[in-house]
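Engineer: just the structure for this:
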Amino acid sequence: MLRMLRRVLPLLLGFFMALPAPAADLDEIRARGELRHLGIRYANFVTGSGDGFDVELMQGFAAHIGVRYTLVHSDFYSVIRDLLGREVVREGDSVRLEGSYPVRGDVIAAGFTVLPWRDAVLLFSAPTFPSQVLLVASAQSPVRPIAGSDDLAADILETRALIAGKSLLVMEGTCLDPANYGLEGVGIDLRAYTRSTNLNEMVPALLNADAEFTLLDVPDAILDLRKWAGRIKVLGPISEEQALAAAFPPDAPALRDAFNAYLAALKASGGYDALVDKYYPGIRRYFPDFFASVPR
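Structural biologist: Sure thing, here's the model as predicted:
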């Protein structure tokens, strides 16, 4: 019997260790003494150098609830699995969870867009930042930007018309997934970028002529227009304005509520405004209504 237990026990331990741990809500995280922030190297939200808009936001939140902060790096394909311990499978407009994986973090904050399919499986905070998806081309492209108007819906239709019969570089499973914007099955030559899960590589791939156009969101486009000055241009909007937010497991409402309270206090104190100026100077002119609600 003892010999059998010695053989079976490691297998049982391995099985239970592979099961996803239950989501940690506020009390469990305080008891543990650590907040694990799932971050993705993207734009200035998580820079990869130990700082970033969302890094500082979550460092402040960890201090606010009295625990230490840990950054856990992930990517856009794995991050929901790292939070929930389940894989998200999209089937048209519906999603399902399957599999069993280790839970590696307590909250996602990485310039993470609130999308309907994500909202079905995650608990989002109040918006932390505004965004919008744009159509971008190399500066040498003969296609001209739309004139733009006060009618965003009309501008989106005009921008979409520019892509007809062209090639478009996209990254599936992210905010740049063509399925999010009705761009599949409409005569566009979609070219999925698969060399990595790093959205920062989209502009270099565009300049390498991997496709005629690509998609970028506004926070990333602002940085890329500066980094690749004179080499890329924005043609027009592809989406309505979007919200970025922190994402929590569905069974961690107290943690989400504590973050919302912290975010509101940070905005009232001017600390949020300072983070915006530090990491995204100039973005207010793109989203005046969003930032008008933030005390300065």
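
Engineer: and residue 165, what pLDDT?
Structural biologist: Residue-level confidence at residue 165 comes out at 89, pLDDT.

Engineer: wait, it sits on residue 186?
Structural biologist: No - contact criterion Cβ atoms under 8 Å: residue 165 and residue 186 do not qualify, at 10.4 Å. All C-beta spots, glycine's among them, are computed from the backbone N, C-alpha and C.

Engineer: hang on, residue 135 packs against residue 234?
Structural biologist: Yes - Residue 135 sits in contact with residue 234 when judged by Cβ under 8 Å, with a separation of 7.3 Å.

Engineer: which one's more surrounded, these two?
Structural biologist: The neighbour comparison of residue 135 against residue 234 (other Cβ atoms under 10 Å) goes to residue 135, with 24 against 17.

Engineer: name the helix or strand for the more buried one, please.
Structural biologist: Using DSSP states H and E, residue 135 sits within strand 133-138.

Engineer: the following helix or strand past that strand versus strand 133-138: what angle between them?
Structural biologist: Next helix or strand after strand 133-138 toward the C-terminus (DSSP H and E): helix 152-163. Put simply, helix 152-163 runs at 40 degrees to strand 133-138, going by axes from the mean of the first three to the mean of the last three Cα atoms, to 10 degrees.

Engineer: so what secondary structure elements neighbour helix 152-163?
Structural biologist: When contacts are defined as 3 or more Cβ pairs under 8 Å, 6 or more residues apart in numbering; DSSP states H and E, helix 152-163 sits against strand 133-138, strand 232-237.

Engineer: just the CA atoms of it, as CSV, please.
Structural biologist: The C-alpha trace of helix 152-163 is given here as CSV (Å, rounded to 0.1, in the frame of the first residue of the first chain):
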residue,chain,number,x,y,z
LEU,A,152,-18.3,59.8,-37.0
ALA,A,153,-20.5,57.1,-38.5
ALA,A,154,-20.2,58.6,-42.0
ASP,A,155,-16.4,59.0,-41.5
ILE,A,156,-16.1,55.3,-40.5
LEU,A,157,-18.0,54.2,-43.7
GLU,A,158,-15.8,56.4,-45.8
THR,A,159,-12.7,55.0,-44.2
ARG,A,160,-13.9,51.4,-44.7
ALA,A,161,-14.5,52.1,-48.4
LEU,A,162,-10.7,52.9,-48.8
ILE,A,163,-9.9,49.2,-47.9
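
Engineer: can you list the residues that contact that helix?
Structural biologist: For helix 152-163, the surrounding residues in contact (Cβ atoms under 8 Å, 6 or more residues apart in numbering) are 135, 143, 146, 148-149, 183, 188, 213, 235-241.
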